[in-house]
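> sharing a model prediction with you, sequence too.
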Amino acid sequence: RQAGGQAVSGVTAADLRSSPEEWRGKVLRWTIQFIALQTADELRPDFAPGQRYILARGPAPEYAFVYVIVPPEKVAAIAGLQPLDSVTVLARVRSGRSAYLANPILELLDVVP
């Protein structure tokens, strides 16, 4: 784990679910397993309709489901990923628990090579 405005590593999805308010707004460095790039609809209250997000599992070695919101300028970079690819991301915690399934929701800041 790191502090001082830097990305935090070593945090699990379980950590986010158990203390969602503590983690909101923190930047994490996570290696996730990409499953799919999805488009939100009105049935997903945690997202704006039409918003793009990654359905992923992680962080490694934990394989909980995680949602990562993708800003429009990052969609092209994400679109090239194949299902089950591992990718390391810098992402800000939006919510430690989604409304229905209690999955963490992150906002993609960058993909780390």
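Thanks, I have the structure now.

> what does the top strand by length along the chain rub up against?
Counting residues, the longest strand found in the chain (DSSP state E) is strand 27-39. Identification of contacts with strand 27-39 by C-beta atoms under 8 Å, 6 or more residues apart in numbering yields 6-9, 11, 50-60, 63, 66, 68, 70, 75, 78-79, 81-93, 106, 109, 112. For the C-beta atoms, the positions are set from N, CA and C on the backbone; glycine is no exception.

> list only buried entries from the residues you listed.
Neighbour counting with 16 or more other C-beta atoms under 10 Å marks 7-8, 11, 51-59, 66, 68, 70, 78, 81, 87-93, 106, 109 as buried within these.

> one step back: report the buried residues of the longest strand of the chain.
27-30, 32-35, 37.

> of the contacts of strand 27-39, which belong to helices?
Counted as lying in helices by DSSP state H, out of these, are 75, 78-79.

> pipe these into JSON lines and attach pLDDT and distance to Ser98 per row.
What follows is those, written out as JSON lines (pLDDT from 0 to 100; distance: C-beta to C-beta, whole Å):
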{"residue": "Val75", "pLDDT": "95", "distance to Ser98": "21"}
{"residue": "Ile78", "pLDDT": "94", "distance to Ser98": "19"}
{"residue": "Ala79", "pLDDT": "90", "distance to Ser98": "23"}
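
> between those residues, which is closest to Asp15?
Ile78 (24.5 Å; C-beta to C-beta).

> quick check: the closest one vs Val112, distance?
13 Å (C-beta to C-beta, to the nearest Å).

> likewise for Ala7?
With distances taken as C-beta to C-beta, Ala7 is found 9 Å from Val112.

> overlap in contacts of these two?
29, 90.

> skipping its backbone neighbours, what lies nearest Tyr100 in space?
Pro45 (7.8 Å; C-beta to C-beta, 6 or more residues apart in numbering).

> let me fix that: Val11
Counting by C-beta to C-beta, 6+ apart, the residue nearest Val11 is Leu28, at 5.7 Å.
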